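Engineer: Sequence and predicted model, in that order:
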Amino acid sequence: MNERAGRVIAATAKLEARQLWSAAAAMCLVLLPVVVVVAGAWMAVAGLITGAQWAMDVVAVGLAGACYGLFSSVRWIAGLVGTWKGHGMPKCPH
């Protein structure tokens, strides 16, 4: 009788272990959509931040180019006026 009880207890332990794994698998399947939603939200926020940084970089490069163009134009005009004044060019009539 003890041997048979031991086999029943062993079989019951195997079933309990399988049920434990089934419960763990069911919990993973339940949590999987939650993980996907959280990861999607995280990636959306990261994409917005990265896009904003790229946009700011483009604006900064555009402003730097415009400022350099303005600086070069003013310097060229100042040199032209200096050349015009320094070489006895005719003055504008009054």
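Structural biologist: All right, it came through fine. Worth saying up front: this structure is predicted, and the values here are computed from it rather than measured.
Engineer: Distance from the chain centre to the strand or helix carrying V36, please.
Structural biologist: Take DSSP states H and E as the rule and V36 turns out to sit in helix 2-86. Helix 2-86 sits 5 Å away from the centroid of its parent chain (Cα atoms, centre = their mean, to the nearest Å).
Engineer: and A25, how many residues sit next to it?
Structural biologist: 10 (other Cβ atoms under 10 Å). For the C-beta atoms, the positions are set from N, CA and C on the backbone; glycine is no exception.
Engineer: per-residue pLDDT, it?
Structural biologist: A25 is assigned 85 on the pLDDT scale.
Engineer: Please apply the same query to the one 3 residues further on.
Structural biologist: At C28 the predicted local distance difference test score is 87.
Engineer: Count the neighbours of it for me.
Structural biologist: 10.
Engineer: Please apply the same query to N2.
Structural biologist: Neighbours of N2 (other Cβ under 10 Å): 6.
Engineer: Also the one 5 residues further on?
Structural biologist: The number of residues packed around R7, counting by other Cβ under 10 Å, is 10.
Engineer: Please renumber the chain so that the first residue is 546 from this point on.
Structural biologist: New numbering, starting at 546: the last item is R552.
Engineer: I'd like the distance between it and R563.
Structural biologist: As judged by Cβ to Cβ, to the nearest Å, R552 and R563 stand 17 Å apart.
Engineer: what stretches of the chain score poorly on pLDDT?
Structural biologist: Residue ranges of the chain with pLDDT under 70: 546, 560, 562, 633-639.
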